[in-house]
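K.L.:
when you get a sec, could you give me coordinates for this:
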Amino acid sequence: MRSPVAPALLGLILGFCIANAAVLLDLLQTEFPACDDPETERMADFAVNHINAKNNHGYKFDINSIKMVKVLPRRPFGKVAFLELNLLETKCHVSNPLPVENCTIRPPTEHAVEGDCDVKLLIVDEGYKVLSSHCHSSEDSVEDVRRLCPDCPILSRLDDSKLKETANSGLAKFNAENVDGIHYQLLELSRGFSTHLPLGTHVEFAIAATNCSRQQAQDPAEHCHVVTDEHARNGFCKASVIHLPPVPVVDGEPKPPAEEVTLDCTLYDHQAGGSHFLEHYMHHLGKNIPSPGTGRRVLDLIHSHNDTHASHESHSAEVPAVVAAKPVVKRAVDLTVPISGIPPPVCPGRIRHFKI
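P.N.:
Here you go, the predicted structure:
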């Protein structure tokens, strides 16, 4: 009598072979475009625009280099691209409607910040869709900044009380002088540092208009909150408080040390994209000023986004789709498959700005 084990074993072997044949076929169809190919750069630009649109804190980031890209077939249609990106912080806050390609990269002498992102991108006939993205960022080391520029200031911790005091002084000056008479509120403290010559503190922070006038904000009974409707307006400020040395008077008694507050603010109206940022910001955080985090010098680009194909399509209007994707040139198979005569992928790509 024939044992039932043999057919079952044969079925397992056939199933194993079929499954591994599909895996091998995918490996053989894996494409490794060059990191500096125009099509790879188009995918990377789309991914960075998505990351910046989803980020509600700190500054916009731009591409410094493309570290890796590979493209796999996707059943029943399309392809999936995996990208590793190295990003650099710009001087544009995320509330700034200026396109990232028009933003200035923050130089190393300003204690530069870099980010690293892994992005999974769906390539379909009509363009690209981001399926997932995972990012984090960190500032350059103090040693590297000192090596490059011994006298350049080092970023202070965001929970430093001097930074908050300087931001409040700058905001008070803005609220007292702004011509529209609207009371503005501090949204977040983004960067700051102290100097010794002259002795002072310098900060950058985001603000937003509230539902209160300047006069109403003086009344403790008023409950002022940020507005996100058609009257929404937000902005970004740089403030400095310089501590002036005491000046002796005629009788020889010195005056108490004086302070000089300087301020530079830019406002963005909702037509330019301000309300879009505020709606996202308030949706995630409510009406509370976010804690900057103990011991941190920068607001981390903590970005973790996962979406199914269907759910991402329902939100795809947040990040405009690019024009139809061009075919990605097939360069090589996965290097884990030992096939001789295949050139390795041309990655990582060029450094566009600087290495930190």
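K.L.:
only C-alpha atoms for contact and neighbour calcs from this point on.
P.N.:
Will do.
K.L.:
what about the helices in the protein?
P.N.:
5-28, 38-54, 142-148, 161-177, 274-285, 309-314 (DSSP state H).
K.L.:
mind listing what's buried in the fourth one?
P.N.:
By neighbour count, with 16 or more other C-alpha atoms under 10 Å as the criterion, the buried positions of helix 161-177 are 162-164, 166-171, 174-175.
K.L.:
again, but for the second one
P.N.:
Judged by neighbour count (16+ other C-alpha under 10 Å), helix 38-54 contains these buried residues: 39-41, 43-54.
K.L.:
and which of those residues is nearest L88?
P.N.:
The closest of the buried residues of helix 38-54 to L88 turns out to be V48 (C-alpha to C-alpha; 10.9 Å).
K.L.:
how about R191, nearest residue that isn't a chain neighbour?
P.N.:
Spatial nearest neighbour of R191, excluding adjacent residues (C-alpha to C-alpha, 6 or more residues apart in numbering): E204 at 5.2 Å.
K.L.:
quick check: beta-bridge partners of the one you found?
P.N.:
Assessed by DSSP bridges, E204 has beta-bridge partners R191, K238.
K.L.:
for it, give me its contacts.
P.N.:
By C-alpha atoms under 8 Å, 6 or more residues apart in numbering, the residues touching E204 are 167, 189-192, 236-239.
K.L.:
how close does it sit to A176?
P.N.:
19 Å (C-alpha to C-alpha, to the nearest Å).
K.L.:
would you mind measuring from T228 to F236?
P.N.:
T228 is 16 Å from F236, by C-alpha to C-alpha.
K.L.:
swap in D264?
P.N.:
From D264 to F236 the distance is 8 Å (C-alpha to C-alpha).
K.L.:
got the phi/psi numbers for C149?
P.N.:
The phi/psi pair for C149 (degrees, to the nearest 10) reads phi -150, psi 90.
K.L.:
leaving out sequence neighbours, find the closest residue to it.
P.N.:
What sits nearest to C149 in space, not counting adjacent residues and going by C-alpha to C-alpha, 6+ apart, is T109, at 6.4 Å.
K.L.:
and the pLDDT for the one you found?
P.N.:
The model reports T109 with a pLDDT of 93.
K.L.:
what of D125?
P.N.:
82.
K.L.:
look at it and say how many residues are nearby.
P.N.:
For D125, the number of neighbouring residues by other C-alpha atoms under 10 Å comes to 13.
K.L.:
for this structure, which spans come out with low pLDDT?
P.N.:
1-29, 248-254, 256-257, 270-277, 280-294, 303, 307-345 (pLDDT under 70).
K.L.:
can you give me the strands for this structure?
P.N.:
Remark: strands assigned in the chain by DSSP state E are 59-73, 79-93, 113-124, 127-139, 182-196, 199-213, 233-244, 258-269, 303-306.
K.L.:
now tell me what touches the second one from outside.
P.N.:
Taking contacts as C-alpha under 8 Å, 6+ apart, the residues outside strand 79-93 that touch it are 44, 57-74, 98, 100, 103-106, 112-124, 206, 236.
K.L.:
do that again at 7 Å, thanks
P.N.:
For strand 79-93, contacts defined as C-alpha atoms under 7 Å, 6 or more residues apart in numbering pick out 58-74, 103-106, 113-124.
K.L.:
quick revisit: and D264 and F236? Which one has more around it.
P.N.:
Higher neighbour count among D264 and F236: F236, with 23 against 12, using other C-alpha under 10 Å.
K.L.:
check contacts around the residue nearest to C149.
P.N.:
T109 sits next to 145, 149, 152 when contact means C-alpha under 7 Å, 6+ apart.
K.L.:
what's the PyMOL line that selects buried ones from the residues you listed?
P.N.:
Those of the contacts of T109 that count as buried under 16+ other C-alpha under 10 Å are selected in PyMOL with:
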select buried, resi 145
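K.L.:
same list (the contacts of T109) but as JSON lines, adding distance to C35.
P.N.:
JSON lines is the format used below for these (distance: C-alpha to C-alpha, whole Å):
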{"residue": "V145", "distance to C35": "29"}
{"residue": "C149", "distance to C35": "32"}
{"residue": "C152", "distance to C35": "34"}
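K.L.:
between the contacts of T109, which sits nearest L299?
P.N.:
Closest approach between the contacts of T109 and L299, by C-alpha to C-alpha: V145, at 18.7 Å.
K.L.:
can you count the residues close to I123?
P.N.:
For I123, using other C-alpha under 10 Å, the count is 25.
K.L.:
that one reaches G78, doesn't it?
P.N.:
Yes. Using C-alpha atoms under 7 Å, I123 is in contact with G78, at 5.7 Å.
K.L.:
now the closest residue to V124 other than its chain neighbours: how far from D37?
P.N.:
Leaving aside its sequence neighbours, V124 sits nearest to G78 (C-alpha to C-alpha, 6+ apart; 4.9 Å). Going from G78 to D37 by C-alpha to C-alpha gives 20 Å.
K.L.:
could you chop the protein up by domain?
P.N.:
Annotated domains of the chain cover 8-143+301-318, 156-285 [automatic domain parsing].
K.L.:
generate TSV for those, with distance to V346 as supplementary columns.
P.N.:
Below are those laid out as TSV (distance: least, C-alpha to C-alpha, whole Å):
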stretch	distance to V346
domain 8-143+301-318	5
domain 156-285	37
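K.L.:
how about those, which one is nearest K355?
P.N.:
Each of the domains of the chain has some distance to K355 by C-alpha to C-alpha; the shortest is domain 8-143+301-318, at 8.1 Å.
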